[in-house]
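Undergrad: Sequence and predicted structure below; questions after.
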Amino acid sequence: MRVDELNKVIYVRQSWLGDIGICPERARLGVVRPDFRTGSDATIIGTAIHTGIEAVLQGKTTDFADMLEVVANDYEALETSNYKKTNIIQEEIPQYLESMSLAFYNEILPVVSLGGKTEMPFKVPLNIDVDGYAVWLEGTMDYVDSENNIWDWKTAKRAYNMKSKQKSAIQPTVYTYAAHMLSEEISEPPTFNYGIMIRQLTPKSQIVPVIRTAEHWNWLKHQVRGAVSMALRTGVNNQWVTNDESALCSESWCSFWSICKGAYNCNNG
Ligand code: SF4
């Protein structure tokens, strides 16, 4: 969440809304302690795969070997940054990079319409007002293909549960709404697909389409109104509700562990 006091606009990203769902305090700390945000090995694997995919979609590579070289070089550069090691077997990472790149190249790429836009940023009004602030959505879509399908690339430990994504994933709602608002550039109806590369030694991919309608966008407005209203009334300098039941509440997966639950020396076994 980002507040533009001068123009009385609050900008919200889908990742912040996602954090609110996981743990409100995590979302607050993301606003007031961005310096604590660190990536993990899983994050830099994902970033390297994204870079390779982007190179393919922008026509900067001619074959799979080229893509893999881009991915490996990017991972090597990212490895020099400050990141956390999770439970991923480090020696297997080069094989993961190759199998996930293959999963994209052989299984997902053939169904993607080329000639679209990569890394498409957006800023659109949500057309709601909270305590005198207009609320806008902002973010970046991984790829909008030439047939106006929105794609988001994911690298994941396991396959997604399609039913659960259709029921409540917020990212497709935010992105299809944004595409609808930018309809001068993107014709309706916007469709959304997750293109998922599974982190394992043999290539495995999954495409998860998510359908969103105007009713979902109205629900999004209701959700965002509640989140922004809570943020404004409690204030970002006061602690918000914590949720340590999520699998992401751990030293490996929460950037704020050391200044939150990790400071309490709880027995986490
Ligand atoms: S450590 Fe747990 S409770 Fe604290 S912010 Fe992170 S996810 Fe929330």
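TA: Here it is on my side, so go on. Nothing here was measured: the structure is a model prediction, and the numbers come from that model.
Undergrad: Residue 127 and the ligand, how far apart?
TA: According to CB to the nearest ligand atom, to the nearest Å, residue 127 and the ligand sit 31 Å apart. The way it works is simple: take the backbone N, C-alpha and C, and place the C-beta from them, glycine included.
Undergrad: who's in contact with the closest residue to that residue other than its chain neighbours?
TA: For residue 127, ignoring the flanking residues on the chain, the nearest one in space by CB to CB, 6 or more residues apart in numbering is residue 221 at 7.4 Å. Applying CB atoms under 8 Å, 6 or more residues apart in numbering to residue 221 gives the contacts 126-128.
Undergrad: give me that answer again for 10 Å
TA: By CB atoms under 10 Å, 6 or more residues apart in numbering, residue 221 lies in contact with 126-128, 135, 173, 177.
Undergrad: now swap in residue 172 and tell me
TA: 14, 150, 152, 165-166, 190-194, 208-212, 216.
Undergrad: Helices of this structure, start to end?
TA: Counting by DSSP state H, the chain has helices at residues 14-22, 24-32, 41-57, 64-78, 93-102, 162-168, 170-181, 214-234.
Undergrad: tilt between the second one and helix 14-22?
TA: Which is helix 24-32. 150 degrees (axes from the mean of the first three to the mean of the last three CA atoms, to 10 degrees).
Undergrad: what angle sits between helix 24-32 and helix 214-234?
TA: Using the same axes, to 10 degrees: helix 24-32 against helix 214-234 is 70 degrees.
Undergrad: So what touches helix 24-32?
TA: So helix 24-32 is contacted by 1-3, 13, 15-21, 23, 36-37, 227, 230-231, 234-244, 246, 248-249, 254-257, 259-261 (CB under 10 Å, 6+ apart).
Undergrad: State the number of residues packed around the residue in the stretch 51-200 of the chain that the ligand sits nearest to.
TA: Minimum separation of the stretch 51-200 of the chain from the ligand (CB to the nearest ligand atom) falls at residue 84, amounting to 13.2 Å. Neighbours of residue 84 under the rule other CB atoms under 10 Å: 16.
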